[in-house]
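**Student:** build me a structure from this.
(chains A and B)
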Amino acid sequence: MLAAVARQPSDLQRLQARTGYLFIFPSFALYVIFVLAPVVVTCILSFTYFDPMAGSRWVGLDNYVRFFTDDRSQQIFWNTLRFTAFAVTGNICVGMLFALALDREMPGPLLYFFRLAFFLPVIIAAAFVSIVWGYFYGDDLGVINYYLIHLGLSPIHWLTSSRYAMMSIVIMDVWKNAGFFMIIFIAALQGVPKTLVEAAVMDGAGYWRRFFRIVLPWISPVVFFAIVYASIGALQVFESIVILTQGGPGDATRSMSIYIVEEAFDSFEIGYAASVAVIMTVVILAITVLQFLASRAWVRH
Amino acid sequence: MPTRTSQRWIDWAIIAVMALIAFFMLLPFAWLFSMSFRTVRDAYQMPPSFVPPRLDFDNYRAVLNSSIPFLQIYANSVEVAVLVTVGQLITCTLAAFAFARLNFAGRDTLFFVMLAGLLFPAQVTIIPIYLGYGRIGLLNRPIGLALMYLTSAFGVFLVRQFMRSQPKALEEAALMDGASYLKIFFRISLPQLRPALASLGIITFTQTWNYYFQARVLLEPQDAMTLPIAMDVLRGYLGSGNLALVMAAMSMSVLPVILLFLLAQKMVIEGIAMTGIKT
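**Tutor:** Modelled structure (predicted):
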């Protein structure tokens, strides 16, 4: 009798375990095939000179040495980090400003319209909006320059000068993605306890003081998540640059993603491209770890 | 301390500024749709249009009749987006149920390993996938792109978070009554998950519709392309003077995503907010 009762939960546990493994199997198998295994293979490839005809050979750290000693890849590396720094800062700040502006009493339809307007660029492919912005940024037939000239200002070489090209791409990126962070921040702002803010109002703290002293610390875990998320996205920047400038002028806007594709599939330098991809992943991992360490030091709940 | 009236005044000032910003945010879309209705001859006329100058679908017909297999490309995009969406709804829900509701050895480790997958960009997986696809004949076939994305760590995470916020009393009661896990999953959990599944479905469809990097590497011939990479070809191929045609093609390409968003704005936004907050 007792034994039967004791066996009951263990049967259940076994059944639970079997069901559990069965249910995660499709996801996990696909994940191993399309993520884990390719990551491992890319790491291995990055130490080789890949040549399927004559046979590949092991070259040790040569590809990495080449990346860190080559002027061109250095420029591309810093381009990518520079783009990431500007785009992340822009997206987080503008997204937060939008969220603060919409986190207040206003008529329902108005709020609906604002959320729609700011979020619409988020859901449209970067490839599509880049083509539109390409015409906006044009030198002679560009929409923006047309109006600049009409206002008596001098036209700007948005995409064809190495001084402005990267900034132009960042501006478009912020236009496209700030709405995403706005949505995340609005949700976070609504979670800030009203009593906390009201107490600060009683103490006579002004709006920005309340924001930096109470609201921002409260939502800081969400802000850290947003920074990590934005960085991971920005480091992979590809189509907006491919479509707007093709990496130019010169290499002024070439990003690591573009470099990987060119090296791997145009020059068929598979091993070298793999090493660039590994470096990019390491940067992503490093930024993620750094930001989580920073958030652990900062965020106190 | 601001008085009531000055507070009101600030509120309206902010609304006015936001309205102005919203206007500029929407301008590129107004331009896109309006230019698609210009005659090919006037395409580059200044000033640009932000309101359709006429309602005539000549340019749309011209895109369909052009030498680029636009309908085939459109069908490819639909095929990939539908396969991936359906696939993810199945695989992610199953895995999320296991991670949220079942106890088994290594569960949390496996979940963590899957989540870590979010940190690996497509750039670090694409080369082996390209080489592998070349060997097994999946290169230049839209289905190859779809296969890569039949599951996602993001989807598993989203559904699991939602499931954990739901009471499990009903599921436990059914278990006591001797129902199998399969039955509990289909009869009790799935119906409860409807809002999360709607969010995931819409987000996945949109994301897949917009893939560029992966598609560009894996799908080279025109009749294997998806819309985002085809737009670039269309722009270069049709050359200058046909801006109106490019915009007609773009209008048709963004339509499903915009419709989906207008119909289900709330779900998209809630889905994103949900995964954003609860990390």
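
**Student:** tell me which residue is most central in the chain.
**Tutor:** Chain wasn't specified; assuming chain A. For chain A, the residue nearest the mean C-alpha position is A:Gly233 (1.8 Å; Cα atoms, centre = their mean).

**Student:** please go with chain B instead
**Tutor:** Central residue of chain B (Cα atoms, centre = their mean): B:Thr206, at 1.5 Å.

**Student:** neighbours around B:Val51, how many?
**Tutor:** Using other Cβ atoms under 10 Å in any protein chain shown, B:Val51 has 9 other residues around it. Every C-beta, even on glycine, is put in place using the N, C-alpha and C of the backbone.

**Student:** which strand or helix spans the residue nearest to the centre of chain A?
**Tutor:** According to DSSP states H and E, A:Gly233 maps onto helix A:216-235.

**Student:** from the chain's centroid, how far away is that helix?
**Tutor:** 10 Å (Cα atoms, centre = their mean, to the nearest Å).

**Student:** tell me the contacts of the residue nearest to the centre of chain B?
**Tutor:** By Cβ atoms under 8 Å, 6 or more residues apart in numbering or on different chains, the residues touching B:Thr206 are A:Ile123, B:Val257, B:Leu260, B:Phe261, B:Val268.

**Student:** for PyMOL, write the select line for the buried members of those residues.
**Tutor:** Under the burial definition 16 or more other Cβ atoms under 10 Å in any protein chain shown, those of those that qualify are selected in PyMOL by:
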select buried, (chain A and resi 123) or (chain B and resi 257+260+261+268)
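
**Student:** closest to A:Ala85 among the contacts of B:Thr206?
**Tutor:** A:Ile123 (25.5 Å; Cβ to Cβ).

**Student:** quick one: low-confidence parts of chain B?
**Tutor:** For chain B, applying pLDDT under 70 flags the ranges B:1-4, B:237-241, B:274-279.

**Student:** quick one, domains of it?
**Tutor:** In the domain annotation for chain B, the residue ranges read B:4-56, B:63-277 (automatic domain parsing).

**Student:** what about residue 55, neighbour count?
**Tutor:** All of this is about chain A. The burial count for A:Gly55: 8, using other Cβ under 10 Å.

**Student:** oops, wrong one, chain B.
**Tutor:** Neighbour tally, B:Leu55, other Cβ under 10 Å: 6.

**Student:** list the contacts for it?
**Tutor:** Per Cβ under 8 Å, 6+ apart, neighbours of B:Leu55: B:Phe37.

**Student:** so where does it fall, helix or strand?
**Tutor:** B:Leu55 belongs to no helix or strand, assigned by DSSP H and E.

**Student:** circling back: gap between the residue lying closest to the residue nearest to the centre of chain A once chain neighbours are set aside and chain B?
**Tutor:** Spatial nearest neighbour of A:Gly233, chain neighbours left out: A:Asn177 (7.4 Å); criterion: Cβ to Cβ, 6 or more residues apart in numbering or on different chains. Distance, A:Asn177 to chain B, using Cβ to the nearest Cβ, to the nearest Å: 12 Å.

**Student:** neighbours of A:Asn177, how many?
**Tutor:** 23.

**Student:** for it, give me its contacts.
**Tutor:** Contacts of A:Asn177 (Cβ under 8 Å, 6+ apart): A:Ala87, A:Asn91, A:Gly95, A:Pro121, A:Val122, A:Ala230, A:Gly233.

**Student:** which stretch of helix or strand covers it?
**Tutor:** Counting by DSSP H and E, A:Asn177 is part of helix A:165-189.

**Student:** check B:Arg8 too.
**Tutor:** Per DSSP H and E: helix B:4-35 holds B:Arg8.

**Student:** distance from the chain centre to that helix, please.
**Tutor:** Counting by Cα atoms, centre = their mean, helix B:4-35 is centred 26 Å from the centre of its parent chain.

**Student:** pull out the buried residues from it.
**Tutor:** Result for helix B:4-35 [16+ other Cβ under 10 Å]: buried residues B:15, B:18, B:21-22, B:25-29, B:31-35.

**Student:** ok, back up a step: check the contacts of B:Thr206 and tell me the two furthest apart.
**Tutor:** Greatest spacing in those, by Cβ to Cβ: B:Val257 and B:Val268 (10.3 Å).

**Student:** could I have the CA atoms of the host helix or strand of B:Leu260 written out in PDB?
**Tutor:** Counting by DSSP H and E, the element that carries B:Leu260 is helix B:243-263. Extracted C-alpha coordinates of helix B:243-263, given in PDB (Å, rounded to 0.1, in the frame of the first residue of the first chain):
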ATOM      1  CA  LEU B 243      11.200  55.700 -59.400                       C
ATOM      2  CA  ALA B 244       7.400  55.400 -59.700                       C
ATOM      3  CA  LEU B 245       7.700  51.700 -60.500                       C
ATOM      4  CA  VAL B 246      10.000  51.000 -57.700                       C
ATOM      5  CA  MET B 247       7.600  52.700 -55.300                       C
ATOM      6  CA  ALA B 248       4.700  50.700 -56.700                       C
ATOM      7  CA  ALA B 249       6.600  47.500 -56.100                       C
ATOM      8  CA  MET B 250       7.400  48.700 -52.600                       C
ATOM      9  CA  SER B 251       3.800  49.600 -51.800                       C
ATOM     10  CA  MET B 252       2.700  46.100 -52.700                       C
ATOM     11  CA  SER B 253       5.600  44.700 -50.600                       C
ATOM     12  CA  VAL B 254       4.800  46.600 -47.400                       C
ATOM     13  CA  LEU B 255       1.000  46.200 -47.700                       C
ATOM     14  CA  PRO B 256       0.700  42.800 -45.800                       C
ATOM     15  CA  VAL B 257       2.800  44.000 -42.900                       C
ATOM     16  CA  ILE B 258       1.000  47.300 -42.600                       C
ATOM     17  CA  LEU B 259      -2.500  45.600 -42.800                       C
ATOM     18  CA  LEU B 260      -1.400  43.100 -40.200                       C
ATOM     19  CA  PHE B 261      -0.200  45.900 -37.900                       C
ATOM     20  CA  LEU B 262      -3.300  48.000 -38.300                       C
ATOM     21  CA  LEU B 263      -5.500  45.000 -37.500                       C
END
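
**Student:** so that helix versus helix B:4-35, what angle?
**Tutor:** 130 degrees (axes from the mean of the first three to the mean of the last three Cα atoms, to 10 degrees).

**Student:** elements contacting helix B:243-263?
**Tutor:** helix A:108-123, helix A:126-136, helix B:4-35, helix B:58-64, helix B:70-101, helix B:194-210, helix B:227-238 (3 or more Cβ pairs under 8 Å, 6 or more residues apart in numbering or on different chains; DSSP states H and E).

**Student:** circling back: just the closest of the buried residues of helix B:4-35 to A:Gln13, please.
**Tutor:** For those, the nearest to A:Gln13 is B:Met25 (54.1 Å; Cβ to Cβ).
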